[in-house]
Structure formats: structure tokens, C-alpha cells
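>>> Build me a model:
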Amino acid sequence: MEKFKNSKLVTTILIVLIFASLNWLSYGFNWRYDLSASGRFKITNSTQGILENLPGKITIEAFFSEEYPDEFIQPVKQLRDFLTEYAAGSSGKVRLRFLNPDNDSGSDPSQEGEIRERARSLGIRPRPIGAQGGNTQQISSVYFSLALSYEDKTEIIPDIISASGSVLEYNITARIYKMAYPGLRKVGIWTANTMFSTSEQQNPYIALGSLVESLEPFYGELVSVNGENFPNDISTLIIIQPESLSEAEKLTIDQFILKGGKLLLAMAGIQIDIQKGVSRPVDPDLLSFFAHYGIEIEPALLLEPENFIPMEVGSDSYNRRQWKYPMWVRVKQDGLSTASVITENMKDVIFPWVSPVRFNKEKAMELEMVQLASTTDNAWLQKGNINIDPNVVQAQLLNPTRPDTGKYNIAMHIKGKFKSFFAQNQSYQNSEKTIIKESQAPAQIVVTGTPYMFSYAFIQISHLLNLNFFLSSLDVMSGLDELVQARSRKVVLPVLHQILPWKKSLFNIVNFFLPLFAIIGYGVLRLLGRKKMQSIPYASTVEISAEPIEPTEPKELENPKGSAETVGKNKTEERN
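The predicted model follows:
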């Protein structure tokens with residue numbers, strides 16, 4: 001038995017058997033953990049849930065070049081790792097393929113290869129990217145695109161490096177959701193009697209083109225609606241500062257809300273003429289209509305003494321200057337609600353030319369309201385005909401008299417059941433047309449006290465933070481809180497800054513000589529150590545006689561220390 005325990009052969013066989021057994025037991029079991037500091041490779045639980053519940057499978061074709069500037073080595077590596085993790089976390093619902101169109105000449109060099117032909121058929125083309133080499137700027141044409149396919153539908157992200165800057169996970173997941181559930185989230189925008197336009201506009205403060213372009217990849221084509229043209233399949237309606245509403249238009253909006261619709265209302269209590277620099281109160285009839293649903297918008301503008309965005313004035317870079325402009329209210333994180341998924345992870349949102357919004361609960365039957373954004377305690381109001389000229393507004397910061405100073409709510413989210421605005425209207429009571437008098441299902445309304453925060457100008461000024469507020473509002477009202485969580489993640493793939501040529505040369509020199517000097521230094525230390533050991537004198541060798549040594553008998557010691565007689569004597573003395 002002892003021989004069996006001490007056998008090296010038996011030990012080796014047992015180790016091999018245990019290793020094989022563990023591999024067999026763990027087959028099919030995956031355990032992954034993201035050890036990166038920002039968790040950039042792990043997809044969110046919400047995305048994982050969406051992918052696992054897809055009715056079908058998704059194919060992601062990643063068209064990647066293998067030759068690209070050095071500045072993109074790390075971002076591309078991170079991108080490939082993230083896509084691999086995205087597919088691995090989908091429980092088999094996502095199939096990922098990396099394709100390189102550059103090395104795809106096909107069997108006949110004169111013909112286009114299969115991969116390149118596939119890219120061309122999808123509308124994917126190589127895109128130019130810049131890189132510094134020596135003292136010159138080099139331009140390379142590379143493929144960095146994604147094609148997402150579900151059944152007969154395909155979504156393209158033509159430049160994945162740029163798309164990663166606007167939250168890559170959301171870009172992919174939202175497009176997949178749109179293909180898997182078509183028509184589930186159809187969005188309409190009210191275009192009647194408003195100066196805001198979705199078409200090209202020279203005035204960036206009233207142009208909504210950027211909003212439409214950002215919305216369509218995730219929600220599909222935005223439908224233009226009014227009182228006469230209102231498709232029944234609209235799930236969410238966007239109303240941005242109408243100047244007036246007819247009775248028929250009011251009825252259309254009213255019935256949409258009572259059917260359980262989702263409404264995003266961006267409206268101030270003041271109508272502004274930006275070119276003339278003046279303003280006037282909004283039509284009271286318009287304000288009273290929305291007040292019926294508990295939304296009270298005050299005909300005034302708010303000013304913030306500290307949290308504001310400056311206005312740049314000037315036609316060119318030489319004459320441009322910044323003005324303090326407290327009418328462009330900046331709400332920081334402490335002014336944004338953590339009780340709502342819409343704003344819980346936001347850092348800043350800009351509310352230009354904003355009016356206070358209040359909630360009147362008596363107007364609703366069953367209601368829940370969440371305050372999304374509010375000013376500081378030092379904000380103050382201006383009412384009536386207000387001059388918005390930057391010279392005048394800047395001077396007001398020096399005026400110690402500030403009327404109605406306090407904290408104001410400027411955005412809110414309402415969920416509940418409402419009564420019809422026309423429930424007590426006798427003309428509709430006696431009409432043959434049947435109207436809904438009470439909500440059939442809970443409706444949702446997100447209100448902001450300004451329409452300008454979603455214009456092209458302020459989407460750019462806010463660095464897309466206002467756009468994220470807009471998209472998050474639509475997602476939450478559609479019951480897709482998980483998509484908001486995916487968008488709230490930090491940028492997954494930051495493109496590295498270009499390194500100057502002299503820094504590159506310095507890094508190359510350090511990388512070459514540092515290991516060389518380390519090896520040489522180690523060798524010198526070992527040599528000095530050996531020389532030091534050689535300089536230590538050794539003791540002379542002792543000769544050992546081969547003759548045996550005869551043992552001698554021990555001599556008796558007189559009064560040996562520690563004998564019984566001595567010990568007894570010492571104890572007696574101690575007692576005495």
C-alpha cells in the first residue's frame with residue numbers, strides 16, 4: 001500500500017484522470033467576468049435580456065480592415081473584444097462574423113471578391129481615416145462597418161469607430177429591437193401651426209433635422225401628423241411649441257391621450273422671436289388646454305445666476321466673444337431626478353429660454369408624477385414682454401433685485417388616467433360622433449418647459465446630452481427602460497489621441513534600450529557578486545587521522561555544579 005501511495009506513475013495517472021473529468025463536467029458551461037476598470041466589455045443585463053427574448057436570431061457581419069494606422073490599434077482591439085462579448089452574452093441569439101474585404105480578391109483577381117461584393121451590396125464602402133506619419137498627414141481607406149441582419153431586414157452602422165462614441169451597445173441593441181419588433185414604437189411629430197421644422201433650416205434654433213436623423217435609426221421614419229392626418233398606429237406623439245390649436249386639433253390630441261397614448265410636450269409659456277430679440281406670452285387658450293391634464297406652464301422665463309451656458313456672439317472667430325447668458329439654464333446632476341430612469345444617470349441637461357411647469361393633481365383621476373429637472377434655489381422669473389438681447393440679459397446679473405426668486409420645476413413625467421377636455425362640452429355631448437370621456441388605459445406625458453432644447457443648436461451645444469434626454473424619454477414611455485440603461489453606459493471605445501512623431505521616437509528608443517540596460521545591469525551585478533565571494537578567505541583544511549581514537553574514562557568532578565548534594569544545600573540556604 002505504501003508503495004502504491006509513493007508511486008509517481010500512479011500520481012501522474014490520477015492527475016490526468018482528474019483533469020479529464022473536470023473538463024468533461026465543465027463542457028458547455030461558460031463563466032465570463034469582465035476585469036476591466038470600466039466594465040466596458042460586459043453587456044448590461046438589460047441588453048442580455050432583450051437578446052435572450054428575441055423571437056429569432058441576429059447575424060452581425062463586422063467588415064473590418066486588418067491594415068490601419070497605429071492610433072487605431074487599441075480601439076479596434078477593444079471593439080473586436082466587445083463584439084465577441086456581445087455575441088457570447090446573447091445565449092446563442094447572435095451570430096458574429098468578422099470579414100476582411102481588403103484581402104478578398106476571389107479566385108479571379110480581375111473580379112470582385114465575395115466579401116467585397118457583399119459589402120458593396122449593403123452600401124458599405126471604405127471610409128477615409130487620418131494618421132500622422134513623420135511630419136505628414138496620411139489618409140487611409142479602411143472598412144469599419146457593421147451589418148445587422150434579422151430575417152429579411154438589415155440595419156447598417158457605416159462607421160463603427162464614430163458610432164462607438166455615442167454608446168455602441170445602445171446603437172446595436174436599439175437597431176436589433178427595431179427589426180425584431182417592427183411598428184411597435186411608431187413616433188409622430190405635430191407639424192401644424194409651429195415655427196419648428198423637421199426640414200432644413202437656416203436658423204439652427206428652430207431646426208429639428210438633427211433630432212429626426214438621430215431618432216430614425218432607433219424608431220424608424222418619423223411621421224408628420226396634424227389634426228386631419230393622424231394614423232391610428234402612432235404610439236408616441238411629439239408636440240413642440242404650437243402657436244395655436246383648433247377645436248378639431250385639440251380633440252385629436254385629447255382622444256390620443258385618453259386611448260393611453262404617450263405624449264412628449266416641449267413648450268414654453270413665452271413665444272420668442274429670436275431674430276428680433278423680443279418675446280410675448282403664449283396664447284392663454286393654448287395654455288388652458290394643456291392645464292386640463294394637470295400641466296400648468298407659466299407665461300414667464302427663468303434665469304439662473306450661476307448655472308447657465310454662455311452665448312457666443314460674432315460672425316467670425318476674431319470678432320466672436322462670450323456673453324453671460326442666464327436664460328440658457330444648465331441643470332446639473334443635483335437638479336436631475338434619481339427617481340426616474342430618464343435622468344438618473346445624466347450629468348447635465350440644457351434648458352434654454354425655459355418656463356416653469358407645475359402639476360395640478362386635481363385634473364387627473366389616477367396619477368403619478370415624477371419631477372425630472374429643477375433649477376437651483378436662486379433662479380428668478382421674468383414675465384410679460386421680455387427682452388432676450390444678450391446685452392440686456394447679462395446686465396440683469398448685476399441687478400440685486402430679482403423677483404420671484406426660488407426653485408422651479410422645469411420638466412416632469414406624468415403617468416395616469418385623465419378625463420376628456422370635451423367631456424362637459426354640450427356640442428360634443430349632443431353630437432353623433434362618439435368621443436372617449438375617460439382614459440381607456442394609463443397615458444404618459446413628458447413635459448419640458450422649453451422647445452429649444454431639442455433644436456439643432458442645443459443638441460450640438462449640449463454635446464448630445466439633450467438628445468439623450470429626448471431618446472430616454474421616448475424609451476421609458478415605450479416601456480423600454482433597459483435601453484436607457486444601455487445608453488447610460490460610458491463610451492465603450494474612446495479613440496486614442498494621435499501621438500506626435502517625436503514622442504513616438506522617444507517611446508521606441510525607451511522600449512529598445514530599457515530592456516537592454518536591464519539585462520546588462522543584471523549581468524554586472526551578478527559578476528560583482530561572484531568577485532566578492534571569491535575574495536572571502538576560506539579556513540585551512542583539517543587533516544583527519546585514520547587511526548582510531550581510544551576512549552578515555554571520564555574523571556569525577558569535585559562538587560559538580562548541579563549535583564543533588566549542591567542543589568539540596570542551596571535550597572536549605574534559601575529557606576534560612
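>>> just the strands in the stretch 1-150 of the chain please.
Ranges of strands in the stretch 1-150 of the chain, per DSSP state E, counting those that start in this stretch, are 58-64, 94-99, 127-133, 136-142, 144-150.
>>> Distance from the last one to the middle of the chain?
So the one you mean is strand 144-150. Its chain's average C-alpha position is 20 Å from that of strand 144-150, according to C-alpha atoms, centre = their mean, to the nearest Å.
>>> Can I get it as CSV, trimmed to CA atoms?
What follows is strand 144-150, C-alpha atoms only, in CSV (Å, rounded to 0.1, in the frame of the first residue of the first chain):
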residue,chain,number,x,y,z
PHE,A,144,-15.0,49.6,-40.1
SER,A,145,-18.7,48.8,-40.5
LEU,A,146,-21.4,46.6,-39.1
ALA,A,147,-24.4,44.9,-40.8
LEU,A,148,-27.1,43.7,-38.5
SER,A,149,-29.5,41.2,-40.2
TYR,A,150,-32.8,39.8,-38.9
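>>> Pull the residues that contact the following helix or strand past it.
Where DSSP states H and E defines the elements, the next helix or strand beyond strand 144-150 is strand 153-157. Residues outside strand 153-157 that contact it (C-beta atoms under 8 Å, 6 or more residues apart in numbering) are 122-124, 145-148, 163, 171-172, 175-176, 178-179, 182, 217. For glycine as for every other residue, the C-beta is placed from the backbone atoms N, C-alpha and C.
>>> which element is I350 on?
Per DSSP H and E: strand 348-352 holds I350.
>>> Low-confidence bits of the stretch 351-500 of the chain, can you list those?
363-365, 426, 428-433, 488-500 (pLDDT under 70).
>>> correction: the stretch 51-200 of the chain
104-112, 130-139, 162-166, 200.
>>> residue boundaries of the helices in it?
Using DSSP state H, counting those that start in this stretch, the helices found in the stretch 51-200 of the chain span residues 73-88, 114-121, 160-163, 168-180.
>>> Among these, which comes closest to K532?
helix 73-88 (46.0 Å; C-beta to C-beta).
>>> Any chance of the helices of the stretch 51-200 of the chain in JSON lines with distance to T47 as columns?
Formatted as JSON lines, these follow (distance: least, C-beta to C-beta, whole Å):
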{"stretch": "helix 73-88", "distance to T47": "8"}
{"stretch": "helix 114-121", "distance to T47": "26"}
{"stretch": "helix 160-163", "distance to T47": "16"}
{"stretch": "helix 168-180", "distance to T47": "5"}
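>>> Adding distance to I58 and mean neighbour count as columns, could you present those helices in TSV?
Shown next, in TSV, are those (distance: least, C-beta to C-beta, whole Å; neighbours: other C-beta atoms under 10 Å):
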stretch	distance to I58	mean neighbour count
helix 73-88	9	17
helix 114-121	17	16
helix 160-163	16	19
helix 168-180	6	23
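>>> just so I know, which of the ones you listed lies nearest K417?
Among the helices of the stretch 51-200 of the chain, helix 168-180 sits nearest to K417 (C-beta to C-beta), with 27.9 Å.
>>> how many degrees apart are that closest one and strand 58-64 in direction?
130 degrees (axes from the mean of the first three to the mean of the last three C-alpha atoms, to 10 degrees).
>>> elements contacting helix 168-180?
If you count contacts as 3 or more C-beta pairs under 8 Å, 6 or more residues apart in numbering; DSSP states H and E, helix 168-180 packs onto helix 45-52, strand 58-64, helix 73-88, strand 144-150, strand 153-157, helix 209-219, helix 481-487.
>>> got the contact list for that helix?
43-44, 47, 50-51, 54-56, 58, 60, 79, 82, 86, 146, 148, 150-151, 153, 155, 157, 160, 163-164, 185, 217-220, 480, 483, 486-487, 489, 492-493.
>>> Buried ones among those?
Buried members of the contacts of helix 168-180, scored by 16 or more other C-beta atoms under 10 Å, are 43-44, 47, 50-51, 54, 58, 60, 79, 82, 86, 146, 148, 150, 155, 157, 160, 163-164, 185, 218-220, 480, 483, 486-487, 489, 492-493.
>>> any idea where the helices of the stretch 251-400 of the chain begin and end?
284-291, 390-395.
>>> what's the spacing between the longest one and its chain's center?
Using C-alpha atoms, centre = their mean, we find the averaged C-alpha position of helix 284-291 to lie 37 Å away from the chain's own average C-alpha position.
>>> how near is I536 to R530?
11 Å (C-beta to C-beta, to the nearest Å).
>>> before we move on, what about I459?
71 Å.
>>> Between the two, tell me which one has more neighbours.
Between I459 and R530, counted using other C-beta atoms under 10 Å, I459 has the larger neighbour count: 25 against 10.
>>> got a list of contacts for stretch 232-249?
Residues beyond stretch 232-249 that count as contacts (C-beta under 8 Å, 6+ apart) turn out to be 183-190, 192-196, 208, 223, 225-228, 253, 256, 261-268, 271, 283, 285-286, 289, 451, 454, 474, 477-478.
>>> er, stretch 85-98 actually
30, 32, 34, 41-43, 47-48, 51-52, 54, 57-62, 64, 80, 83-84, 169, 172.
>>> can you rerun that using 6 Å?
41, 43, 48, 51-52, 54, 57-62, 64, 83 (C-beta atoms under 6 Å, 6 or more residues apart in numbering).
>>> Any chance of those residues in a markdown table with distance to N345 as columns?
Formatted as a markdown table, those follow (distance: C-beta to C-beta, whole Å):
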| residue | distance to N345 |
| --- | --- |
| F41 | 19 |
| I43 | 16 |
| Q48 | 18 |
| L51 | 21 |
| E52 | 23 |
| L54 | 25 |
| K57 | 31 |
| I58 | 26 |
| T59 | 31 |
| I60 | 26 |
| E61 | 31 |
| A62 | 28 |
| F64 | 30 |
| L83 | 24 |
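>>> Now for those: which two are most distant?
Maximum pairwise distance among these (C-beta to C-beta): 26.5 Å, between E52 and F64.
>>> Give me the subset of the contacts of stretch 232-249 lying in strands.
V187, G188, I189, W190, V223, V225, K262, L263, L264, L265, A266, Q271 (DSSP state E).
>>> quick one: the closest residue in space to E228 that isn't next to it in sequence and Q444, what's the gap?
Closest residue to E228 apart from its sequence neighbours, by C-beta to C-beta, 6 or more residues apart in numbering: A248 at 7.6 Å. Relative to Q444, A248 is positioned 24 Å away (C-beta to C-beta).
>>> For those two, indicate the residue with more neighbours.
The neighbour comparison of A248 against Q444 (other C-beta under 10 Å) goes to Q444, with 21 against 10.
>>> Show me what the helix or strand encompassing that one is packed up against.
Q444 belongs to strand 443-448 when assigned by DSSP H and E. Under the contact criterion of 3 or more C-beta pairs under 6 Å, 6 or more residues apart in numbering; DSSP states H and E, strand 443-448 touches strand 262-266, strand 409-418.
>>> Appreciated, that's everything.
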